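Peer 1: Pasting a predicted model and its sequence here:
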Amino acid sequence: MTNSLPANLPIIGRRGLMLVLSSPSGAGKTTIGHLLLERDDHIALSVSATTRLPRPGEVDGSHYHFISVERYKEMVKDGAFLEHAKVFDNYYGTLKAPVEAELAKGRDMLFDIDWQGAQQLAQNARSDMVSVFILPPTLAELQRRLKDRGADSPEVVENRMSKAGAEMSHWREYDYIVVNTDLSRSVNAVLSILKAERLKRDRQQGMADFVTELRGGE
């Protein structure tokens, strides 16, 4: 005999959360993020604005909003960004209005940003933020991944490797740490974090009314 759940399960209002993934370049945050989006329908990617040129296959508005340096500086002055930073001689920023609208509707947002952006988010919206830092298993493996993806010149790879140590020094600022030795296990770890954080009492804004109703209106 199997138990069936009732059709009229309660819907409890919840505020969305901002799931931040950071790592040194090449450690796997972007790949983990893409797999997370494929496996969970209740989270969407926050599309950042950037002044860097598109890489092969990247689509404006899908991967990034590609803008000029002049436009970027205007948006900073207008307060249009929830966070913004300069990374490897290019500028990046998260648009404030669309993120806040999605959180209010109970939609979770995924952020693929560096430690500078994560610090700004923590300053501006810490209660909405869940941060995960992705570490490589070894520096040799990090270098191999950077070379194998073929997106950067040898000089850029060397530059990224030279900055990896400084980036990894910020690991203590994050809520969770995942060592990306195995991609599948790393994705499952981040999914587990996401599921647990959604159950936090303070995020379930409709819980007080739900419990009051359970208690007969007391």
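Peer 2: Done, it's in. Residues are numbered from 1 along each chain as shown.
Peer 1: and the closest residue to Thr31 other than its chain neighbours, how far is that from Glu70?
Peer 2: Spatial nearest neighbour of Thr31, excluding adjacent residues (CB to CB, 6 or more residues apart in numbering): Leu183 at 6.7 Å. Backbone N, C-alpha and C define where each C-beta goes, glycine included. Distance of Leu183 to Glu70, given as CB to CB, to the nearest Å: 39 Å.
Peer 1: Between those two, which has more neighbouring residues?
Peer 2: Leu183 (12 against 9; other CB atoms under 10 Å).
Peer 1: Touching, that one and Ile32? I think so.
Peer 2: Yes - the criterion here is CB atoms under 8 Å, and Leu183 meets it with Ile32 at 7.2 Å.
Peer 1: Over to the most centrally placed residue in the chain. Which of the three states is it?
Peer 2: For the chain, the residue nearest the mean C-alpha position is Phe111 (2.3 Å; CA atoms, centre = their mean). At Phe111 the chain is in strand, as set by DSSP: H, G, I helix; E, B strand; the rest coil.
Peer 1: my guess is Arg149 meets Ala27, correct?
Peer 2: No - look at Arg149 against Ala27 with CB under 8 Å: they stay out of range, at 11.7 Å.
Peer 1: Could you give the secondary structure assignment for Glu167?
Peer 2: helix.
Peer 1: Please name the nearest non-neighbouring residue to it.
Peer 2: Pro24 (4.4 Å).
Peer 1: show me the contacts for the one you found.
Peer 2: By CB atoms under 8 Å, 6 or more residues apart in numbering, Pro24 lies in contact with Leu135, Pro136, Leu142, Arg160, Lys163, Ala164, Glu167, Met168.
Peer 1: Lys163 versus Leu17, what's the distance?
Peer 2: Taking CB to CB as the measure, Leu17 falls 29 Å from Lys163.
Peer 1: okay, those two: which has more neighbours?
Peer 2: Leu17 (23 against 14).
Peer 1: Now do the phi/psi pair for that one.
Peer 2: phi -120, psi 160 (degrees, to the nearest 10).
Peer 1: for Ala118, same thing?
Peer 2: Backbone torsions for Ala118, taken as degrees, to the nearest 10, come to phi -60, psi -40.
Peer 1: Surely it is in contact with Val130?
Peer 2: No - using CB under 8 Å as the test, Ala118 is too far from Val130 to be in contact (10.8 Å).
Peer 1: now the strands: where do they sit in this protein?
Peer 2: 18-22, 43-45, 49-50, 65-66, 81-87, 90-95, 108-112, 129-135, 176-179 (DSSP state E).
Peer 1: looking at the ones you listed, which is closest to Arg201?
Peer 2: Nearest of the strands of the chain to Arg201, taken as CB to CB: strand 129-135 at 14.5 Å.
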